[in-house]
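Colleague: Need a 3D model of the following:
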Amino acid sequence: MSLPPINVTTLAQLSGSQEWRLALAHDCAAHLVIWITRGQGRMLLNGTRRGVGTHNAIFIPPKTLFSMELGRQSMGLVAVIPDGTQVRLPNDPRQLRIRDGSAISELNGLFDAAGRESTSALPLAQDALDAHIALMSVWLRRQITLPEHLPLKMNAAARLSAAFGQRITEFHHTGQSMADHASALNVTPTHLTRACKAATGRTAADLLTERVLYAARVALVETDAPMQDVARHLGFGSAAYFTRFIQQHTAQTPSALRAAAQK
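Modeller: All right, here's what the predicted structure looks like:
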C-alpha cells in the first residue's frame, strides 16, 4: 500500500480551528515537524510539561503523546510526514529553541518552499516537496547535534511519565484503568499519579482520560460509526457508560457533538 503524501499546513488548519485537537493529550500516526512562528504557550511532550514560544522547532515522532496550549495570537507551520517515508528523521521527540538568525531564515525558507509545492499543480510537485522535506530533515538533524540543543537528563518522575505516555498511546482503546497501567509499569497507582503530576501538571488519570476523550471525539466527528461501536472500540462496557463519559467531559451528548460537527 502506498503512503499518503507529505503535507505542509498551518497549526490552525491541523487543528481545524478546534482547540481540543491540540489541547487534549493525543498522538499521531505521522511524524510532525512544528515550527512556531508567533506566540507562546505550554506543551506536553516526552512525559514533561514545558514552555513553548516563537522560533521553537518541535519534532514529534508517531505514537508520541503530546498536547499544545498556545495563546490565541500564536501561529505555526507543520510538516506532516507519513511513517515509513524514506526521509531520514530523528528517533526521539525534540524541542529546539532556535536563536541563530541564519538557522531561523533557513527553516522559514524551507517551509515556504515546501508549502508552495504542497499546493502546486506543477509537474513533479510531490517530488519537489519530498526534496524540500528531506532538506528540512537535514536542518533538524544538524540542529540536534549542536551543544546548545543537547537534551537535558530526565529525572525519575519524567522517565516514568514518558513510559506511561507510551503505554497510553498503545492501549488507550482497551479499557485498561490507570491502576492497570501502573501495575504493568511495576509501580503503585499513587506513585504513578505523583510522578505524572510532578512532570506534567496532570495526574495519570487525567492523561489517560484525555487520550480516550480525544479518540472518542475524533470517532464522533470524523466517522458515522454507531455510538455502540465507538463505545466498544474504546473499551467502554456499554453505550450508556460511553455517553456519560462524553457528557461529563464535554457537557454535551455524543449525538450533539456529532451533529455540531456536521453543520
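Colleague: When you work out contacts or count neighbours from here on, use the C-alpha atoms and nothing else.
Modeller: Fine.
Colleague: where along the stretch 151-263 of the chain do the helices fall?
Modeller: 156-171, 178-184, 189-200, 204-222, 227-233, 239-250, 254-261 (DSSP state H, counting those that start in this stretch).
Colleague: what's the closest of those helices to Thr64?
Modeller: Nearest to Thr64 among those is helix 156-171 (6.6 Å), distances taken as CA to CA.
Colleague: which non-adjacent residue is nearest Gln176?
Modeller: Using CA to CA, 6 or more residues apart in numbering and skipping residues adjacent in sequence, the residue nearest Gln176 is Gly235, 7.8 Å away.
Colleague: for Thr169, same thing?
Modeller: Using CA to CA, 6+ apart, the closest residue to Thr169 is Lys63 (5.9 Å).
Colleague: Pass me the low-pLDDT residue ranges in this structure, would you?
Modeller: Low-confidence segments of the chain (pLDDT under 70): 1.
Colleague: Let me know the outermost residue of it.
Modeller: Distance from the C-alpha centroid of the chain, by CA atoms, centre = their mean, peaks at Pro123 (32.2 Å).
Colleague: what's the spacing between that one and Glu117?
Modeller: Remark: distance between Pro123 and Glu117 (CA to CA, to the nearest Å) = 10 Å.
Colleague: which residue ranges form the helices in the stretch 1-150 of the chain?
Modeller: So, for the stretch 1-150 of the chain - with DSSP H, counting those that start in this stretch - the helices run 11-15, 20-23, 101-118, 125-145.
Colleague: and Leu257, how many neighbours?
Modeller: 17 (other CA atoms under 10 Å).
Colleague: dump the residue contacts of it.
Modeller: Counting by CA atoms under 8 Å, 6 or more residues apart in numbering, Leu257 makes contact with 217, 220-221.
Colleague: among those, who's most crowded?
Modeller: Neighbour max across these (other CA under 10 Å) = Leu220, 21 neighbours.
Colleague: And the closest residue to it other than its chain neighbours, how close does it get to Arg141?
Modeller: Closest residue to Leu220 apart from its sequence neighbours, by CA to CA, 6+ apart: Arg258 at 5.3 Å. Per CA to CA, Arg258 is found 41 Å from Arg141.
Colleague: Between the two, which is the more surrounded one?
Modeller: Between Arg258 and Arg141, counting by other CA under 10 Å, Arg258 is the more crowded of the two (19 against 14).
Colleague: I figured the more buried one hits Ala219, correct?
Modeller: No. The criterion here is CA atoms under 8 Å, and Arg258 misses it with Ala219 at 9.0 Å.
Colleague: burial of the nearest residue in space to Asn46 that is not next to it in sequence, as a residue count?
Modeller: Spatial nearest neighbour of Asn46, chain neighbours left out: Ala162 (5.3 Å); criterion: CA to CA, 6+ apart. Neighbour count for Ala162, taken as other CA under 10 Å: 23.
Colleague: check contacts around the residue nearest to Thr10 when sequence neighbours are not counted.
Modeller: Excluding the flanking residues, the one nearest Thr10 by CA to CA, 6+ apart is Leu77, at 4.3 Å. Neighbour list for Leu77: 8-11, 34-37, 111 [criterion: CA under 8 Å, 6+ apart].
Colleague: Kindly reformat these as CSV containing distance to Pro82 and neighbour count.
Modeller: Below are the contacts of Leu77 laid out as CSV (distance: CA to CA, whole Å; neighbours: other CA atoms under 10 Å):
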residue, distance to Pro82, neighbour count
Val8, 12, 27
Thr9, 14, 18
Thr10, 17, 17
Leu11, 17, 19
Ile34, 14, 22
Trp35, 18, 26
Ile36, 21, 23
Thr37, 23, 17
Phe111, 17, 22
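Colleague: Please produce CSV containing these, extended by distance to Ile81.
Modeller: Output for these, formatted as CSV (distance: CA to CA, whole Å):
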residue, distance to Ile81
Val8, 9
Thr9, 11
Thr10, 14
Leu11, 15
Ile34, 11
Trp35, 14
Ile36, 17
Thr37, 20
Phe111, 13
